[in-house]
Every structure is written in structure tokens, then in C-alpha cells.
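[1] here is my input, please return the structure:
(one chain, ligands or ions: 1)
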Amino acid sequence: MNALRSLKGAKALVTGAGSGMGRATAELFAQEGAMVAVTDHVLAPAEAVAATLRDAGLDARAWKMDVSDGEEIARVVREIGEAFGGLDAVVNNAGISAFSPIDSDAYEAVWERSLTVLLSAHHRVIRAALPFLRRSQAPRIVNIASTEALGATAQDSPYCAAKAGVTGLTRALAVELGREGITVNCICPGPIDTAMTAGVPDEHKQTFARRRTALLRYGRPEEVAHMTLSLCLPAASYITGAVIPVDGGLMARNA
Ligand code: NAD
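    Got it, this is the predicted structure:
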């Protein structure tokens with residue numbers, strides 16, 4: 001395989017990789033030959049993902065990393081970089097859903113938690129990974145935002161604000177780190193079938209998807225992982241600061 005189009009030997013870190021899109025990304029990266037750090041705030045699911053990959057003869061290790069804890073991020077990212085002997089790709093994926101009406105008593109707490117987990121975590125992971133990325137031949141950062149960064153749903157303002165922040169952080173760091181050849185891109189998934197959307201009844205999912213997406217269906221976690229992979233390839237060397245919807249045409253559709 002052409003080295004430009006391969007992750008063989010690349011060292012990758014994925015946050016929130018015990019479930020959903022993070023898990024699909026860790027699996028795809030390992031299948032494509034990367035050494036993958038499967039991280040999550042709960043160790044057991046991350047370990048299960050890594051063990052399955054190792055059983056298949058692939059290269060993966062699990063770490064507990066709670067992205068709401070800045071000290072844990074700094075320590076664990078350094079540990080991973082040292083254990084792997086470097087880092088080439090960082091995927092900021094961990095997330096929570098956080099609905100709250102603006103006048104709810106819980107609003108302040110939901111806002112703080114959303115900003116911490118969905119936005120501050122991204123800059124903390126990136127800052128911790130930078131010393132390792134700077135030594136990579138093809139350093140790549142992918143931030144997972146949401147179509148909620150581009151449009152909005154009522155009662156979802158903490159989430160929308162945090163995700164819109166991720167797009168701004170992506171562009172700013174793309175500009176700042178571009179001179180070092182480090183690319184920083186952002187994916188905005190639309191409605192994807194994961195644990196995060198498992199509470200939505202199937203009937204509601206189908207109605208929503210038929211009314212709002214061009215492809216008339218929810219997406220699968222692997223369909224997002226394939227875009228993440230593409231952005232992390234050495235060949236993706238001239239794509240940076242991009243904010244890319246992977247949304248079945250949700251943002252394109254007016255009627
Ligand atoms: P998911 O619930 O399946 O996975 C989220 C993962 O993040 C879980 O493994 C969870 O344990 C982990 N996590 C939560 N809090 C954490 C913390 N403090 N530290 C470390 N890990 C933590 O959900 P998903 O749909 O795969 O979500 C992945 C990303 O995609 C999130 O950033 C989410 O906001 C975003 N997203 C999801 C959808 C969707 O429709 N599912 C749409 C747009 C964006």
C-alpha cells in the first residue's frame with residue numbers, strides 16, 4: 001500500500017474510545033495498521049475494545065483518561081506518548097449530551113460540564129500531545145464537533161456553544177500550528193446511531209432522518225470513522241482548518 005495512503009506504524013490516541021464513534025475510530029485505525037491508545041473515562045469498555053483488537057492481532061492499549069480532569073489528561077497523554085515513542089494522530093472525540101432550557105436551575109452546572117468535557121478537554125489534550133506531535137512526520141489533529149455547531153436545537157445551548165467553540169478552536173490552531181506542518185481539522189457528525197442517541201425511539205429516529213437528511217437515515221459510527229481516518233493519513237497534508245459535516249446531507253437540505 002502507498003505509504004501516503006496508509007496509517008501503518010502511525011501512533012494514534014482516541015478519546016472516548018470505549019463506545020460509539022470513538023470505538024469505531026480506534027478499531028478502524030488499528031485495522032489500518034496504527035498503534036492505538038484507546039482512552040475513556042471508564043477503563044473497562046476501553047480495555048474491552050483494546051483486548052478485542054489485540055485478539056485480532058492488532059496493536060492497541062487501553063488507558064483510563066477522564067477528559068474533564070486536566071491533570072489526568074496531562075499525565076496520561078505523556079504516558080501514552082512515552083509508551084508509544086511518539087504520537088502522530090490525536091482524535092478528540094469524547095462527549096456527553098447536555099440538554100438544558102436556558103431558565104433551568106441546572107443550567108449553570110450543565111453549561112460548566114459541557115464546556116469542560118466538550119471544549120476545554122480538546123485544548124488540554126492537544127497541549128499535552130504537542131511535544132510528541134512536533135516530532136511526527138505527519139502530525140494530525142481531528143476534533144469531533146457536531147452539526148449542533150452549525151445549526152441548533154432548542155434547549156441544547158450549552159452543547160451548541162461548546163461544539164461551536166470546537167470549530168473556532170480548530171480554525172485558530174490550524175492557523176497557529178500550520179507553520180509546523182501540524183494539521184487541525186474538525187468533523188461535524190449529524191445524527192449517528194450510538195449510545196448517545198440510544199434513548200431516541202427508532203420511530204422518532206426514522207421520522208427525523210426522513211424529514212431532515214438527504215440520505216433519509218441515521219449514520220453509523222464507522223461512517224464518521226472513515227472521514228477521521230482520511231484526515232489522519234499522511235496524504236491529507238494540505239487539508240487544515242476544515243470543518244466537515246458527516247451528516248447524511250442534513251446541513252445541505254432545506255426541504
Ligand atoms: P457515545 O456515548 O457512544 O460515546 C461517547 C464516549 O465518550 C463514551 O465512551 C464515554 O464513556 C466517553 N466519555 C464521556 N465523558 C467522558 C469523559 N469525561 N472523559 C473521557 N471520556 C468520556 O457517543 P458518540 O455518539 O459516539 O459520541 C462521540 C462524539 O460525537 C461526542 O463528542 C458527541 O458529542 C459527538 N456527536 C455525536 C452525535 C450522535 O448523533 N451520536 C452527533 C454529533 C456529534
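[2] look up phi and psi at residue 38.
    Backbone torsions for residue 38, taken as degrees, to the nearest 10, come to phi -90, psi 110.
[3] what pairs with it across the strands?
    Beta-bridge pairing for residue 38 (DSSP bridges): residue 14, residue 62.
[4] that one contacts residue 16, correct?
    No: look at residue 38 against residue 16 with CB atoms under 8 Å: they stay out of range, at 9.8 Å. All C-beta atoms are positioned from the backbone trio N, CA, C, and that covers glycine.
[5] the two - which one has more neighbours?
    A count of neighbours by other CB atoms under 10 Å puts residue 38 above the other of residue 38 and residue 16, at 33 against 30.
[6] and that one, how far from the ligand?
    According to CB to the nearest ligand atom, to the nearest Å, residue 38 and the ligand sit 10 Å apart.
[7] quick one, what contacts that residue?
    Taking CB atoms under 8 Å, 6 or more residues apart in numbering, we find residue 38 in contact with 14, 17-18, 23, 26, 46-47, 49-50, 53, 60-63.
[8] so which of those are in helices?
    23, 26, 46-47, 49-50, 53 (DSSP state H).
[9] how about the residues of the stretch 51-200 of the chain by the ligand?
    66-68, 93-96, 117, 144, 146, 189, 191-192, 194-197 (CB under 6 Å from any ligand atom).
[10] mind listing the helices for the stretch 1-150 of the chain?
    Using DSSP state H, counting those that start in this stretch, the helices of the stretch 1-150 of the chain run over 20-31, 43-55, 70-84, 107-115, 121-133.
[11] for the residue sitting nearest the centre point of the chain, what are its contacts?
    The residue lying closest to the centre of the chain (CA atoms, centre = their mean) is residue 93, at 2.4 Å. Applying CB under 8 Å, 6+ apart, we find residue 93 in contact with 14-17, 21-22, 25, 144.
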